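Chemist: coordinates for the following, if possible.
(one chain, ligands or ions: 1)
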Amino acid sequence: MAQENVNVVARIRPPSNETNDETCIKTDQISSIITLTTNQKQFHMDKVFEQNATQEEIFEYVQPIIASVINGIHGTIFAYGQTGSGKTHTMIGSDKNLGIIPRAIEMIFIALNEESKNRNDNFKFKISCTALQIYTEKTYDLLNGNEKIEIPTCDILKNAKKVEVNSSNECMKILECGLEQRKVSDTSMNEKSSRSHAIVTLTMKTVYFKENKKHERISRLNMVDLAGSEGRKHTNNNETQNFEASNINKSLLTLGQVIRSIINPHPKQVIPYRDSKLTMILRDSLGGNSKTTVIVNIHSNSKYAAEAISTLNFAVNVKKVKNTAILQEFITSKETLTLNAEVQRLGGENDKLKIELGKEKEINQKVGEKVVQLQRIVDEKDNKVCNFFYYFKI
Ligand SMILES: Nc1ncnc2c1ncn2[C@@H]1O[C@H](COP(=O)(O)OP(=O)(O)OP(=O)(O)O)[C@@H](O)[C@H]1O
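Modeler: Model (predicted):
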């Protein structure tokens, strides 16, 4: 159970067509260092991708985390950065330029189908998916008509609709329908700006038998496309967009606070996971039982230097967070399996007997009602006879 730091990758987006095209950063891919051109301040990453990096290259880098999830370890991949910096492009992408989510789904199905073909230990698997959005601090279920749901602390997916999927195509169709309901709007910074955080989770359950024991693994892959932070300086928002932006900024601020509390723990302070829906959902991914990779997307135009510094400071902090990922495997011996089967059989018999007993009770109740009815008739007759005698006595 070794501790492992959160893995942090920076992806620089190509400059947008603006008059001020000067870049505010310099990158060194070999040492994975980003330097601010304004003050020469350096930021160490685990990996830096330049503006010409392809979706394939990014996916190749995050593949090991997906492979771990297939093998029974929880994993999280999330994209962070200012609005328009390329988070949705990285996580979801487009039909012609697929992002991490569709590629991960395809990889998982290929790997698990391959395993069930090649293994001879009765290997079976089940995959289900959920998709949530957090919009203005409320959580909505994208796979259940965008219904508002509560997030219990014990199991964040307890109230979410889990859809079992049998192929990557089926899974993608379901997710596409769900993600269409995500709040998006046209802002001055991005014509398709996500106004909510989206969390797509794939839950994998695999079962195999070894030496008369059943091995069951249940692991989750969370893939998160965060909404982007927005500085008012660069935006020309309407009232709704400003309200959305202030909620987005607030939840990202809490995310930053949670990370600072994890890396600088104070004995008298609890980590404020509960202060926002986002940090409640990411609780296990930050300082918990998960392997986590964070992709920080950076707009390199010098116009956005303040936003780049803020993103890079976030990256440096989140890189210090340590997680302890544990294999999610549950082993059941043959004896326990036999006992479980017996318990199940007895449970079934018990249910049958309960039904029989219910029927018997119903019959008894009907007989009882009949007896009461007859008694009433007899009583009425007795009354008439009494009245008769009474009448003649007078
Ligand atoms: N690496 C890249 N290569 C090519 N185009 C990119 C890249 N990154 C971003 N873009 C383009 O920039 C625009 C904005 O990107 P995207 O919507 O992914 O940003 P975002 O960070 O998700 O923004 P928001 O937080 O507002 O939703 C899109 O048109 C996208 O295709």
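
Chemist: which bits of the protein sit near the ligand?
Modeler: Within the chain, the positions lying close to the ligand (C-beta under 6 Å from any ligand atom) are 13-14, 81, 83-89, 190, 192-194, 227-228, 297. No exception for glycine: its C-beta is placed from N, CA and C like everyone else's.

Chemist: repeat that with 5 Å
Modeler: 13, 83-89, 190, 193-194, 228 (C-beta under 5 Å from any ligand atom).

Chemist: which of these fall in helices?
Modeler: Among those, the ones falling in helices (DSSP state H) are 87-89.

Chemist: can you redo the residues of the chain next to the ligand as TSV with distance to residue 46?
Modeler: TSV is the format used below for the residues of the chain next to the ligand (distance: C-beta to C-beta, whole Å):
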residue	distance to residue 46
13	19
83	24
84	24
85	18
86	18
87	18
88	22
89	20
190	27
193	28
194	25
228	22
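
Chemist: neighbour count added to those residues, as a markdown table?
Modeler: Shown next, in a markdown table, are the residues of the chain next to the ligand (neighbours: other C-beta atoms under 10 Å):
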| residue | neighbour count |
| --- | --- |
| 13 | 20 |
| 83 | 24 |
| 84 | 24 |
| 85 | 27 |
| 86 | 22 |
| 87 | 29 |
| 88 | 25 |
| 89 | 20 |
| 190 | 21 |
| 193 | 24 |
| 194 | 25 |
| 228 | 29 |
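
Chemist: ok, which stretches of the stretch 101-250 of the chain are strands?
Modeler: Remark: strands assigned in the stretch 101-250 of the chain by DSSP state E, counting those that start in this stretch are 124-135, 138-141, 147-149, 163-165, 184-185, 193-194, 197-210, 213-225.

Chemist: how about the residue lying closest to residue 103 once chain neighbours are set aside, what does it touch?
Modeler: Of all residues not flanking residue 103 in the chain, residue 59 sits nearest, at 4.6 Å (C-beta to C-beta, 6 or more residues apart in numbering). Residue 59 makes contacts with 100, 103-104, as judged by C-beta atoms under 8 Å, 6 or more residues apart in numbering.

Chemist: what about residue 59, helix or strand, and which?
Modeler: helix 55-70 (DSSP states H and E).

Chemist: what's the mean pLDDT across that helix?
Modeler: Helix 55-70 shows a mean pLDDT of 97.

Chemist: and stretch 336-351, by the same measure?
Modeler: Computed over stretch 336-351, the average pLDDT equals 84.

Chemist: could you do stretch 131-139 as well?
Modeler: Computed over stretch 131-139, the average pLDDT equals 93.
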